[in-house]
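Student: test case, fold it:
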Amino acid sequence: MTHYPPVMFPVELTVERSYLKEALRAILHTVLFHRVFANIKPRDMDILDLTIPIIDDPEVDRLVDEKIAAFVKVVDANPQSKGQIGIMFYEKRTKRAWFSSTSSEVCWEQWAITINVVTNINEKDKQRSIKNMEKALSSLFLSILRTVNERKDHIPPITTSDGNPFPYQIVIPTASDTWGSMFKRMLDTSASSSPII
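Tutor: Numbers count the residues shown, from 1 in each chain. Just a heads-up that it's a prediction; the model follows:
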């Protein structure tokens, strides 16, 4: 079976520091809502004056919250107030031999999310920043929706009815990683450093 490189979708947003966790939660949940092909229960999430659908699942919430906490630590330690986080989706493949079979997970899609964090001390600047962020988030959610609806050719066929047919993981680059090196490391190690759900 041929392995194609995974399709990558870059996402970038500037966020007011006081809304960092909330904005990142909304972005991660938006991507997951539209790419987890399991039987899901939706619920609404409000951020500023926007309402988005998210997956109503305690395990997804726990993973997202855990990764957001790790992301905030990275951003707080970064003098540039910038951080990156990725979502990788995998296909389970089984290779059969004469008397055995081996399974592997092949990444078919990556979302590379870059967050620029701004902290405004002046209340007027903070309100302007929040208003700009709200417009940018609205545009970003529409862009994600357009992308997931238009870019479907690379999605592998669903071959199982068990739970989630495409496992995923949320990853944060280490200090020495670049986007490319992080995704390459994650692909090379079959994603062993972070649990795949």
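
Student: tell me the pLDDT at the nearest residue to Ala112 once chain neighbours are set aside?
Tutor: Closest residue in space to Ala112, ignoring its immediate chain neighbours: Pro10 at 4.8 Å, by CB to CB, 6 or more residues apart in numbering. Quick note: C-beta positions are derived from backbone N, CA and C, even for glycine. Note on Pro10: pLDDT of 95.

Student: tell me which strands the helix or strand containing Pro10 pairs with, and in which orientation.
Tutor: Taking DSSP states H and E as the definition, one finds Pro10 inside strand 7-16. Strand 7-16 pairs in its sheet with strand 101-118 (parallel), by DSSP bridges.

Student: for the helix or strand that the partner strand is followed by, what is the average pLDDT?
Tutor: Following strand 101-118 in sequence order, the next helix or strand is helix 123-150 (DSSP H and E). Averaging pLDDT along helix 123-150 gives 93.

Student: so which bits of helix 123-150 are buried?
Tutor: 126, 129-130, 133-134, 137, 140-141, 144, 147-148 (16 or more other CB atoms under 10 Å).

Student: run a quick neighbour tally on the residue nearest to Ala112.
Tutor: Pro10: 10 surrounding residues under other CB atoms under 10 Å.

Student: kindly report the same for the one 10 residues further on.
Tutor: The number of residues packed around Leu20, counting by other CB under 10 Å, is 21.

Student: could you find the closest non-adjacent residue to it?
Tutor: Nearest residue to Leu20, sequence neighbours excluded (CB to CB, 6+ apart): Val117, at 5.8 Å.

Student: quick check: that neighbour touching Gln84?
Tutor: No: with contact defined as CB atoms under 8 Å, Val117 and Gln84 do not form a contacting pair (11.8 Å).

Student: just grab the bridge partners of Leu50 for me.
Tutor: Counting by DSSP bridges, Leu50 is bridged to Ile47.

Student: ok, it to Thr114 distance?
Tutor: Using CB to CB, to the nearest Å, Leu50 is found at 20 Å from Thr114.

Student: then Pro42?
Tutor: 27 Å.

Student: just want to know which of those two has more residues nearby.
Tutor: More crowded of Pro42 and Thr114, by other CB under 10 Å: Thr114, with 15 against 10.

Student: next up, the contacts around the more buried one.
Tutor: 10-13, 82-84 (CB atoms under 8 Å, 6 or more residues apart in numbering).

Student: Ile113 contacts Gln84, doesn't it?
Tutor: Yes: contact criterion CB under 8 Å: Ile113 and Gln84 qualify, at 6.7 Å.
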